[in-house]
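>>> Here is a sequence together with a model predicted from it:
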Amino acid sequence: MTSLRLALAVPPANHQGFDRKVLERWHGRDGLDLVVFPEAWRTVTAEEFSLASAREACVAAVREVAEDLGMPVLAGVSCEFADGGAIQCAAYVNPSPEAGETAEHFYAKHSTSTVLPYELPDYADEREALFEPIALRGRHLGVQLCHDQFFGLVSEKLTRAGADVLLDLTGDSVVRSKWTNVITGRTLERPAPYFCTMSERATKTTNEAFALGMRDGRAITPLETAKSAKHGKLVLFAVDGPLAPFALRQAFSPKSYDAFTIRFTRGRGDLVVLPQELPAAKATAWKELRVGATKVGVLELPLEALLDPLAIHRHEALESPFDAHIVCFVAGDRPALPRPKDELIALARLRAIEHRVAVVIATPDVQEVIKSSRYKNIQRFPVTDGKVGIELDFVEGTYASMGKTAGQGIATDFQGLYKDLLDPIVGSPRKQGTKKRESVGTAEALLGKIAFSLGEAVGRVVGK
């Protein structure tokens, strides 16, 4: 398979230029296959409130850059609608595609944007094209934007469509640990290498913008980095570049909690999880525990399910009956771990973040309890005398914590369409809006729900 070479740009805030000399040098020396610019690198206006209109404006803006450079370019574009609102997009143009390669591609952000594609009238017509991978030099690139990486069905949709490399274009400086927690897990649950880049934030922050490449849970070492005061950084990667050693860096919480206790041995506790007692496969379902007035849902799955991107999705509902959620991955009598301990902990961090649950790993040799805090930082709790104490905050479940508005994640009105990403839209799509946008907040008037079941048919376990 081709060793794709990527230049990831990390520009200053609101900077729309690029370091031509560096890009031309890399291209002329060993070849440069793709230049990637972050989310909202350019801004355009779409005349109509539709994905088709946004695609036309975004692709045209990136085409100018690609033709000027004479090489493929992928860039984030903020598309403002003439009648109000804006949607974050990505556009790709290859000015000289080989046979079978993609000439142009367009993607619209599926989470945390003032306008989300679900509410546009032609979403049903355009959805499959958004997730079609970019074919370039024998690889297939799946594109997403910023917080899309936190929503696992986006990556699943892309890889099901054939993507073998994932690219995330982020807007500006972020807390690095949050992004690496997610990206590390994504590269462990599926074989696709993952790259991300962003710009510097305009307002003062302690967070530093960065470009990152990962494969198999490990950082890909850059081939070269070029810096300039005017253009920021350019970081050159090869998809199959050398890997750094696996680095877990996850300290235990220094605080002691007792609101809810989890025990790994027989004895007193709110929840007892015995590592060698695996529930029967057919009996796997949420069980309810009561802690005061709090309804706690507990789901026990075999340890191998921790590697499966859809394992928790198969058992969740848009409206959960529980106030708090705990998912236990139990080894049973398995003779060996399906992956090394540190990789299982990395996957547990991802599951805790994307599903907003407390994750328990229970094997004879590994007992771990991990959950997310309010702002998607990870808490790891020490086991003392076979017991762990935790708080039951910020474990409301996948759909309860997506955000009240589109700008905070995926608003309630759109969560059904997000969950339906793995099911085809069939029949004649109902037009959900008008060309003139009345207001950004009238999602109810713009959205027609299309109900499909995620079901067991989408199930699979990803392993090595």
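Thanks, I have it.
>>> in the stretch 301-450 of the chain, what spans have low per-residue confidence?
For the stretch 301-450 of the chain, the stretches with pLDDT under 70 are 426-450.
>>> So which residues of it form strands?
Using DSSP state E, counting those that start in this stretch, the strands found in the stretch 301-450 of the chain span residues 324-330, 358-362, 367-372, 378-381, 387-390.
>>> Am I right that residue 105 sits in a helix?
No. Using DSSP: H, G, I helix; E, B strand; the rest coil, the assignment for residue 105 is strand, not a helix.
>>> Verify the contact between it and residue 91 for me.
Yes. Counting by CB atoms under 8 Å, residue 105 does reach residue 91; the two are 7.1 Å apart. C-beta coordinates here come from the backbone N, C-alpha and C atoms, glycine included.
>>> more neighbours, these two?
Using other CB atoms under 10 Å as the criterion, residue 105 and residue 91 rank with residue 91 on top: 29 against 23.
>>> Report the mean confidence score over the helix or strand hosting the more buried one.
Residue 91 is located in strand 86-93, with elements delineated by DSSP states H and E. Taken as a whole, strand 86-93 has a mean pLDDT of 98.
>>> try stretch 116-126
Mean pLDDT, stretch 116-126: 96.
>>> what's the distance between that stretch and the middle of its chain?
Here stretch 116-126 is found 20 Å from its chain centre; the criterion is CA atoms, centre = their mean, to the nearest Å.
>>> Counting neighbours, which bits of it end up buried?
116, 117, 118, 119, 120, 121, 122, 123, 124, 126 (16 or more other CB atoms under 10 Å).
>>> Please enumerate the helices of the chain.
20-29, 51-69, 123-130, 152-160, 176-189, 341-355, 412-419, 443-446 (DSSP state H).
>>> Could you dump the ones you listed into JSON lines with distance to residue 81 added?
Below are those laid out as JSON lines (distance: least, CB to CB, whole Å):
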{"stretch": "helix 20-29", "distance to residue 81": "32"}
{"stretch": "helix 51-69", "distance to residue 81": "8"}
{"stretch": "helix 123-130", "distance to residue 81": "14"}
{"stretch": "helix 152-160", "distance to residue 81": "22"}
{"stretch": "helix 176-189", "distance to residue 81": "29"}
{"stretch": "helix 341-355", "distance to residue 81": "30"}
{"stretch": "helix 412-419", "distance to residue 81": "17"}
{"stretch": "helix 443-446", "distance to residue 81": "12"}
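>>> so who does the nearest residue to residue 37 once chain neighbours are set aside touch?
Leaving aside its sequence neighbours, residue 37 sits nearest to residue 75 (CB to CB, 6 or more residues apart in numbering; 3.9 Å). By CB atoms under 8 Å, 6 or more residues apart in numbering, the contact set of residue 75 is 36, 37, 38, 41, 42, 61, 62, 65, 90, 91, 92, 169.
>>> Mind doing that once more with 7 Å?
By CB atoms under 7 Å, 6 or more residues apart in numbering, the contact list for residue 75 reads 37, 41, 42, 62, 65, 90, 91.
>>> Pop the domain breakdown of the protein in here.
5-238, 260-390 (automatic domain parsing).
>>> looking at those domains, which is buried most?
Greatest average neighbour count among those goes to domain 5-238 (a mean of 20), per mean count of other CB atoms under 10 Å.
>>> Show the end-to-end separation of that domain, please.
4 Å (CA to CA, to the nearest Å).
>>> Please compute how far that domain lies from its chain's middle.
That offset, for domain 5-238, works out to 13 Å (CA atoms, centre = their mean).
>>> Distance check, residue 297 against residue 360.
Noted for residue 297: a distance of 13 Å to residue 360, by CB to CB, to the nearest Å.
>>> same thing with residue 170?
Using CB to CB, residue 170 is found at 31 Å from residue 360.
>>> hmm, back to that, any chance of the buried residues of stretch 116-126 in a markdown table, plus distance to residue 194?
Formatted as a markdown table, those follow (distance: CB to CB, whole Å):
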| residue | distance to residue 194 |
| --- | --- |
| 116 | 23 |
| 117 | 22 |
| 118 | 24 |
| 119 | 28 |
| 120 | 27 |
| 121 | 32 |
| 122 | 29 |
| 123 | 26 |
| 124 | 29 |
| 126 | 25 |
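>>> what's near enough to touch the residue most central in space within the chain?
Centroid-nearest residue in the chain, with CA atoms, centre = their mean: residue 149, separated by 1.3 Å. By CB under 7 Å, 6+ apart, residue 149 lies in contact with 168, 182, 183, 186.
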